[in-house]
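Undergrad: What follows is a predicted protein model with its sequence.
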Amino acid sequence: MSKPETTNAEIIRLLSLMGHFLEIKGENPFRVRAYERAAQTLSGLTRNLSEMAPEELGNLPGIGPGMTAHIQEILSHGNLKDLETIKKQIPEGIIKLLDIQGMGPKRAKLLWQTLKIDSIEALKKAAVEGKLRDLPGFGEKLEQSILKGADFAQAAAKRMLIWDARTIAADIVQRLKKSGVVVEAVAAGSLRRGKETVGDLDILTTARNGSKAIEFFTKLEQVERVLGAGETKATVWLKNQIQCDFRVVAPDSFGAALLYFTGSKEHNVVLREQALKLGMTINEYGIFKLTKGKAGRKVASKTEEEIYKALGMKWIPPELRENRGEIQAARSNKLPKLIELQDIRGDFHNHTKLTDGANALEEMAEAARAMGWEWVFVGDHSQSLKVANGLSPADLHRTIKEAQEFNAKSKGFRIFRSMEVDILKDGRMDYTDEDLGAIGAVIAAVHTHFKISGDEMTKRVIRAIENSHVDIIAHLSGRLLNRREPYEINVEEVLGAAAKNQTALELNGQPERQDIFDTQAKRAKELGVPLVLTTDAHSVHQFGYIQIALNIARRAWLEKQDLLNTMSAKEICEWLGN
DNA sequence: GCCGTTTTCGGCCCGACTGTTTTCAGTCG
């Protein structure tokens, strides 16, 4: 009997843990960075590491001989000898201490070596008893700040959905702009990069009087607690339970600061390395000629475009700034022309009040038309999904007729009556072939039995992909951000099957779903899988979620021609073969 | 530990803020 397969996630966890341990040990920081980098590279992979040859692993960025050996060792033994050795020297609980604001590897190591502190609970106890203040480099203030940080560690661990974060950031930006204390105000960071979730908000402003701007910001009514405030930056904890970093620079430095504050950190590091090679140096104030190892004459600073240009490359859209090949692409003028909102002509997946939606078919159609679209797929859940009041075959045929009647009298706008049909546990569909044939467009999705093995799930979904009635696969992860992990599935195999059968895959815009991952969508494009953006709207107010789906598409390097949403109603008909 | 449009060895981004210190270490992004 073969032993259970080691997942990519487990390998990533162990390598990342190894990096943390080495950091605590006080190892060479670049060696630590190598583990972080490797974990980051692997997390963007769609293929199973267990199916990759050593030379393929070695070709991945940040994976050299050492990491390849580590990966193979984990695959064959389920663990790492080096890691087990370190665990005997340093208790694993210490790693948790690093989640605390103001607690880094040096302090964590000191606390453990002197006071035997190896958990957040032990740390709190020691701080309350006033035992930290006498340690070298510590004092009463640091003791208090660490105690507060320990209470906060759990709350801060959750990342906020981008949809919520955007609203909060927009409100703060509004207030800053109205105040008159700043010239410009903009949300940067992972929010600007369009990530699924954000860990904190980054607000960049320009002002002639920086300290006035800082004062205004730290006194906003949304601020619960000021974590730090200086001349040019402030960090606060908002009542909305998220950290907000604020930065102010002179108007002349806006572009440089925006670049710096948008990140990602990895993207910025590579840009700075590039600059050094060209005899320049980049900071948040601009890009400068390097003279005698120091920043000399300023080359550019006002706009991001100027700075990229000084580095010999085109401006890179924020969604691509993850150090996943965008810098090389920009240098060789091979950046994609990313899809934009105005390219989209319709939505493929949403629901009416017949099942778990809030509005009637006509209302959904009107709302879609108001988005400026030309057509919309309106769907509902299939019979077995009882929690969502799934449609019986009789209801199904009635609503198909309803859509036909709408189209008969509608001018310049078209409804495609679709259904989100459950993929049953064994891969069969939740309606008969005859019923499926009557539906204009079939969207197949897994909604039940999430816990089956990766092998079973892969077979199950591929069986649906191979079903000639199925047009689109939805929810190819089943995750609920912050609530439910993705189900296990071999994405690479599924993408291969989708490409072969020309079954489309969905990029879902529901804020807490956002299946599939950007890296998977990028891989899908490479393999030639048709892709669709969907809102999965459950009311007329949710068509705006197309923006979230668009974020995924842009992070996945997708262009207009990669998405079926850019087709006309006529072209959609041809694609469906109707 | 990784990597190469100077290098297969010797580099590996940069600055703000805090709290501890008497000039700087640690942390953060």
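TA: Nice, thanks for sending it over. These numbers were taken from a predicted model, which means no experiment stands behind them. Numbers count the residues shown, from 1 in each chain, chains lettered A, B, ... in the order given.
Undergrad: can you list contacts of the lowest-mean-pLDDT helix or strand in chain A?
TA: Sorted by mean pLDDT, DSSP states H and E, the helices and strands of chain A end with helix A:140-157, the least confident at a mean of 82. Contacts of helix A:140-157 with the rest of the structure, by C-beta atoms under 8 Å, 6 or more residues apart in numbering, involve A:96, A:99-103, A:107, A:120, A:123-124, A:127-128, A:130, A:132-133, A:237, A:241, A:243. C-beta: built from backbone N, CA, C; applies to glycine.
Undergrad: switch to 10 Å and redo it
TA: A:96-103, A:107, A:111, A:120-121, A:123-124, A:126-135, A:138-139, A:199-200, A:225, A:227-228, A:237, A:241-243, A:482 (C-beta atoms under 10 Å, 6 or more residues apart in numbering).
Undergrad: Now intersect those residues with the helices, please.
TA: Using DSSP state H, the members of those that fall within helices are A:K96, A:L97, A:R107, A:L111, A:I120, A:E121, A:L123, A:K124, A:A126, A:A127, A:V128.
Undergrad: what number of residues lie near the first one?
TA: Pointing back at A:K96 there. 18 (other C-beta atoms under 10 Å).
Undergrad: which residues touch it?
TA: The neighbourhood of A:K96, defined by C-beta under 10 Å, 6+ apart, consists of A:H20, A:M103, A:A108, A:D118, A:S119, A:I120, A:E121, A:L123, A:A150, A:A153.
Undergrad: Would you map the helices across the stretch 401-550 of chain A?
TA: Taking DSSP state H, counting those that start in this stretch, the helices of the stretch 401-550 of chain A run over residues A:433-438, A:454-466, A:491-501, A:518-527, A:546-555.
Undergrad: residues making contact with the shortest one?
TA: Residues outside helix A:433-438 that contact it (C-beta under 10 Å, 6+ apart) are A:382-383, A:391, A:393, A:396-397, A:400, A:417, A:419, A:421, A:429-432, A:442, A:444, A:467-470.
Undergrad: Which of those residues are buried? Put it as a ChimeraX command.
TA: A single ChimeraX command selects the buried members of the contacts of helix A:433-438 (16 or more other C-beta atoms under 10 Å):
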select /A:382,383,391,396,400,417,419,421,429,430,431,442,444,467,469,470
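Undergrad: Return the subset of the contacts of helix A:433-438 lying in strands.
TA: A:R417, A:M419, A:V421, A:V442, A:A444, A:V470 (DSSP state E).
Undergrad: Dump the residues you listed into a markdown table; add pLDDT and distance to A:L558 as well.
TA: Converted to a markdown table, those look like this (pLDDT from 0 to 100; distance: C-beta to C-beta, whole Å):
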| residue | pLDDT | distance to A:L558 |
| --- | --- | --- |
| A:R417 | 89 | 27 |
| A:M419 | 91 | 26 |
| A:V421 | 94 | 26 |
| A:V442 | 94 | 23 |
| A:A444 | 96 | 22 |
| A:V470 | 96 | 22 |
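Undergrad: in the stretch 101-250 of chain A, which spans are strands?
TA: Assigned by DSSP state E, counting those that start in this stretch, the strands in the stretch 101-250 of chain A fall at A:160-161, A:184-187, A:197-198, A:200-206, A:223-229, A:233-238, A:243-249.
Undergrad: returning to that earlier point: quick one: which of the contacts of A:K96 is most hemmed in?
TA: Result: A:L123 is most packed of the contacts of A:K96 (other C-beta under 10 Å), 28 neighbours.
Undergrad: what sits against the closest residue to that residue other than its chain neighbours?
TA: Ranked by C-beta to C-beta, 6 or more residues apart in numbering and with sequence neighbours excluded, the top spatial neighbour of A:L123 is A:I117, at 5.1 Å. Counting by C-beta under 10 Å, 6+ apart, A:I117 touches A:91, A:93-94, A:97, A:108, A:110-111, A:123-127, A:131-132.
Undergrad: which among those are in contact with DNA strand B?
TA: Near DNA strand B, judged by C-beta under 7 Å from any atom of the strand, the entries from those are A:A108.
Undergrad: Up against DNA strand B, what does the stretch 101-250 of chain A have?
TA: Contact residues, the stretch 101-250 of chain A versus DNA strand B (C-beta under 7 Å from any atom of the strand): A:101-108, A:133, A:136-143, A:145, A:189, A:200, A:202, A:228-233, A:243, A:245.
Undergrad: Out of the residues you listed, which end up buried?
TA: Buried residues within these, counting neighbours by 16+ other C-beta under 10 Å: A:101, A:103, A:105, A:107-108, A:138, A:142-143, A:145, A:189, A:200, A:202, A:229, A:232-233, A:243, A:245.
Undergrad: that older thread, how about the contacts of A:K96, which pair is most distant?
TA: A:H20 and A:E121 (19.1 Å; C-beta to C-beta).
Undergrad: hey, C-alpha coordinates of stretch A:102-114 in PDB?
TA: Taking Å, rounded to 0.1, in the frame of the first residue of the first chain, the C-alpha atoms of stretch A:102-114 are listed here in PDB:
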ATOM      1  CA  GLY A 102       7.600  44.500  17.800                       C
ATOM      2  CA  MET A 103       8.800  40.900  18.300                       C
ATOM      3  CA  GLY A 104      11.500  39.800  15.900                       C
ATOM      4  CA  PRO A 105      14.000  36.900  16.000                       C
ATOM      5  CA  LYS A 106      16.500  38.600  18.200                       C
ATOM      6  CA  ARG A 107      14.100  39.400  21.000                       C
ATOM      7  CA  ALA A 108      12.300  36.100  20.700                       C
ATOM      8  CA  LYS A 109      15.600  34.300  21.100                       C
ATOM      9  CA  LEU A 110      16.700  36.400  24.100                       C
ATOM     10  CA  LEU A 111      13.300  35.800  25.800                       C
ATOM     11  CA  TRP A 112      13.600  32.100  25.400                       C
ATOM     12  CA  GLN A 113      17.300  31.800  26.400                       C
ATOM     13  CA  THR A 114      17.000  34.000  29.500                       C
END
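Undergrad: which bits of the stretch 251-400 of chain A sit near DNA strand B?
TA: So far as C-beta under 7 Å from any atom of the strand goes, the stretch 251-400 of chain A lies against DNA strand B at A:263, A:265, A:268-269, A:272-273, A:275-277, A:281-284, A:295.
Undergrad: Which one of these is nearest to A:L505?
TA: A:G263 (28.1 Å).
Undergrad: and which of the ones in helices among the contacts of helix A:140-157 is nearest DNA strand B?
TA: A:R107 (3.2 Å; C-beta to the nearest atom of the strand).
Undergrad: and that closest one, how far is that from A:E143?
TA: Going from A:R107 to A:E143 by C-beta to C-beta, to the nearest Å gives 11 Å.
Undergrad: tell me, what's touching those two both at once?
TA: What both A:R107 and A:E143 touch, as defined by C-beta under 10 Å, 6+ apart, is the set A:L132, A:L135.
Undergrad: contacts for stretch A:299-307?
TA: With contacts defined as C-beta under 10 Å, 6+ apart, stretch A:299-307 is touched by A:249-260, A:262, A:271, A:275, A:278, A:280-289, A:308-311, A:313-316, A:318.
Undergrad: Please state the offset of that stretch from the chain centre?
TA: Stretch A:299-307 sits 28 Å away from the centroid of its parent chain (C-alpha atoms, centre = their mean, to the nearest Å).
Undergrad: Dump it to PDB, restricted to CA.
TA: Coordinates of each C-alpha in stretch A:299-307 appear next as PDB, following Å, rounded to 0.1, in the frame of the first residue of the first chain:
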ATOM      1  CA  VAL A 299      17.300  60.900 -12.100                       C
ATOM      2  CA  ALA A 300      13.500  60.700 -11.600                       C
ATOM      3  CA  SER A 301      10.900  60.800  -8.800                       C
ATOM      4  CA  LYS A 302       7.600  62.400 -10.000                       C
ATOM      5  CA  THR A 303       5.900  59.400 -11.600                       C
ATOM      6  CA  GLU A 304       6.200  55.700 -11.600                       C
ATOM      7  CA  GLU A 305       6.600  55.700 -15.400                       C
ATOM      8  CA  GLU A 306       9.700  57.900 -15.200                       C
ATOM      9  CA  ILE A 307      11.300  55.600 -12.700                       C
END
